[in-house]
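**Q** Need coordinates for the below:
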Amino acid sequence: MIWTLLVGLVVGALAKFLMPGKDPGGIIITMLLGVAGALLAGFVGSQLGWYREGDAAGFVASVVGAVILLAIYRAFIGRRRQIPSH
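**A** All right, here's what the predicted structure looks like:
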């Protein structure tokens, strides 16, 4: 579990490095982004036949998954900030 979180932190940090900009959230969001990116990459890879059931995604695929999730996260958070509150 700790190894997964450490790898998630590295993957999330790489995703943020590849897509610079302001992001709300700190180390926890970065870690969750990396772990979720790896899960997304593993799921998509298994559906496409790249990985067998239960195989973990590769490091590069995990970073790509995290970048995709970061783009979605920024779009969602950016949209929430544009909505005026009354």
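**Q** where in the chain is pLDDT low?
**A** Scanning the chain for pLDDT under 70 picks out the ranges 1, 23-25, 78-86.
**Q** Could you find the closest non-adjacent residue to the residue most central in space within the chain?
**A** Note on the chain: the residue nearest the mean C-alpha position is residue 66, at 2.5 Å, using C-alpha atoms, centre = their mean. Spatial nearest neighbour of residue 66, excluding adjacent residues (C-beta to C-beta, 6 or more residues apart in numbering): residue 37 at 2.8 Å. For the C-beta atoms, the positions are set from N, CA and C on the backbone; glycine is no exception.
**Q** pretty sure that neighbour contacts residue 63?
**A** Yes - between residue 37 and residue 63 there is a contact at 6.9 Å, judged by C-beta atoms under 8 Å.
**Q** Who has more neighbours out of those two?
**A** Taking other C-beta atoms under 10 Å, residue 37 and residue 63 do not tie; residue 37 has more neighbours (26 against 23).
**Q** Give the buried residues for the helix or strand harbouring that one.
**A** Counting by DSSP states H and E, the element that carries residue 37 is helix 27-47. Within helix 27-47, the residues that qualify as buried are 30-42, 44-45, counting by 16 or more other C-beta atoms under 10 Å.
**Q** And the residues you listed, which is closest to residue 56?
**A** Checking these against residue 56 with C-beta to C-beta, the nearest one is residue 42 at 6.0 Å.
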